[in-house]
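1. Turn this into a model:
(chains A, B, C and D)
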There are 2 protein chains.
Amino acid sequence: MDADHRSGCPINLTLEMLGDRWSLIVIRDVMFGDRRHFRELLTQSEEGIASNILAARLKRLVAAGLLTKEPDPSHSQKAVYSLTGPAIELVPLIAQMGAWGRRHTPVSEELSIRAQLLEEGGPKLWAGFMDELRHIHLGAPKPRRSVLAELQAAYERVVAENAAKRKRGR
Amino acid sequence: MDADHRSGCPINLTLEMLGDRWSLIVIRDVMFGDRRHFRELLTQSEEGIASNILAARLKRLVAAGLLTKEPDPSHSQKAVYSLTGPAIELVPLIAQMGAWGRRHTPVSEELSIRAQLLEEGGPKLWAGFMDELRHIHLGAPKPRRSVLAELQAAYERVVAENAAKRKRGR
DNA sequence: ACAACCGATTGCGAAACGCAACCAGTATTA
DNA sequence: TAATACTGGTTGCGTTTCGCAATCGGTTGT
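-> Numbers count the residues shown, from 1 in each chain, chains lettered A, B, ... in the order given. Model prediction:
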């Protein structure tokens, strides 16, 4: 086993790569929020990541082969971050993580609707979503169905419902 | 949303609870290695956790409701750690994590055979394994099939095979 | 010319990590 | 009964990481 790894256990090696409080948050935002630029990830994150932490995480994730960084042709300074194949294959893990969190942590309804749909959709939906991510991030052919749009629409529906509820409640 | 949480997103809340380099290692060892005592977790861990880190993690996991700590009747000083229901329901997440690690990290064959069987078995096997964990840790009725024994047997078979290979190779 | 925006970097205090030594109480053994 | 080993930890200490705020040089749009 490599000297730079604690063990060859798949759980351990995955934790060595993703076992911290920010890496999967960044991947989640690229994956579900389609945030491709540094500033988008910095300012539109629910959790408020600091810029130095974000820079460090992006660097590590690129080095680990989970993200790629390319110059944006439309802006000589802009960088575009994309998911790689391995990162896209994290979808089942993230779906299970969302499902567990939804059951066992104090989630907000609005932010857990995506996790609910992803759980209810099961492996078939995940596969469709992964196809869509391969289209967006890897240039694969465009699938008919857009899971991303469905998740976003459901989220907005819940936000609107809750806004209406709050209005009635006042 | 609570002031002590970064956001109500299920991914984030799960990471706040388990997003570090040791918590899931400890749960893995209790779950798959049936290590129930401090010393077992300390010395029989592949990764070599430090005793102060282990003590801190056990305390946190008990506080988070993922483990329980009880005195061992056979030894007035011994403590027994058990998985709770929520921890047992991490099985699908851990299975997906093992499956991903097996594909995308430099795992050792011996330590990844369990992940392979868990992946191939799918949700039905996971459910059987969870039933068995509920028997071991929560006193639920004993299921017919022992997934734990199957995983352990497969592991030992691979270890023996590789030992034979090494012997032939010399 | 100038303001806004781009992806970061720097400085700094606080917290977590990792290692080694150590501890008191309990059970086993000679 | 005295020594030994094992129990679940604790303590000290140096290193690394985290988290926050301010800042930076370069680019773009007005």
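
2. Contacts made by the lowest-mean-pLDDT helix or strand in chain A with the rest, please.
-> Lowest by mean pLDDT, DSSP states H and E among the helices and strands of chain A is helix A:147-169, with a mean of 93. By CB atoms under 8 Å, 6 or more residues apart in numbering or on different chains, the residues outside helix A:147-169 that reach it are A:32, A:34, A:109-110, A:113-114, A:117-118, A:121, A:125, A:128-129, A:132, A:136. Heads up, the C-betas are built off the backbone N, CA and C, glycines and all.

3. Also stretch A:38-53?
-> A:22, A:25-26, A:29-30, A:33, A:35, A:54-55, A:57-58, A:79, A:81, A:111, B:6-7, B:9, B:12.

4. Could you list which of those residues also contact DNA strand D?
-> The subset of the contacts of stretch A:38-53 within reach of DNA strand D, by CB under 7 Å from any atom of the strand, is A:W22.

5. which of the contacts of stretch A:38-53 are buried?
-> Buried members of the contacts of stretch A:38-53, scored by 16 or more other CB atoms under 10 Å in any protein chain shown, are A:22, A:25-26, A:29-30, A:35, A:54, A:57-58, A:81, A:111, B:6-7, B:9, B:12.

6. Does the residue nearest to the spatial centre of chain A lie in a helix or a strand, and which?
-> Nearest to the mean C-alpha position of chain A, by CA atoms, centre = their mean, lies A:R28 at 1.5 Å. Assigned by DSSP states H and E, A:R28 belongs to helix A:23-33.

7. Kindly provide the distance from the nearest residue to A:I136 once chain neighbours are set aside to B:R36.
-> Leaving aside its sequence neighbours, A:I136 sits nearest to A:D34 (CB to CB, 6 or more residues apart in numbering or on different chains; 7.1 Å). Going from A:D34 to B:R36 by CB to CB, to the nearest Å gives 45 Å.

8. Those two: which has the busier surroundings?
-> B:R36 (20 against 13; other CB atoms under 10 Å in any protein chain shown).

9. What are the contacting residues of the helix holding A:R28?
-> Residues contacting helix A:23-33 (CB under 8 Å, 6+ apart): A:17-18, A:35-36, A:40-41, A:44-45, A:47, A:49, A:54, A:57-58, A:60-61, A:66-67, A:81-83, A:87-88, A:90-91, A:94, A:97, A:114, A:133, A:148, A:151, B:9, B:11-12, B:15, B:19.

10. got the angle for that helix vs helix A:147-169?
-> 90 degrees (axes from the mean of the first three to the mean of the last three CA atoms, to 10 degrees).

11. centre of the chain versus whichever helix or strand comes after helix A:23-33, how much separation?
-> Where DSSP H and E defines the elements, the next helix or strand beyond helix A:23-33 is helix A:38-43. Centroid separation for helix A:38-43 versus its chain: 14 Å, with CA atoms, centre = their mean, to the nearest Å.

12. Give the buried residues for the least confident helix or strand of chain A.
-> Buried residues in helix A:147-169 (16+ other CB under 10 Å): A:V147, A:L148, A:E150, A:L151, A:Y155, A:V158.

13. Closest one of the residues you listed to DNA strand D?
-> Set against DNA strand D, the nearest of the buried residues of helix A:147-169 by CB to the nearest atom of the strand is A:Y155 (24.8 Å).

14. Quick check: mean pLDDT of the helix ranked longest in chain A?
-> Looking only at chain A and at elements set by DSSP state H, the helix with the highest residue count is helix A:109-138. For helix A:109-138, mean pLDDT is 98.

15. Ok, stretch A:82-93 next?
-> 98.

16. and it, how far apart are its ends?
-> One end of stretch A:82-93 sits 19 Å from the other (CA to CA, to the nearest Å).

17. Determine whether any part of that stretch lies close to chain B.
-> Yes - against chain B, stretch A:82-93 shows contacts by CB under 8 Å from any CB of the partner chain at A:P86, A:E89, A:L90, A:P92, A:L93.
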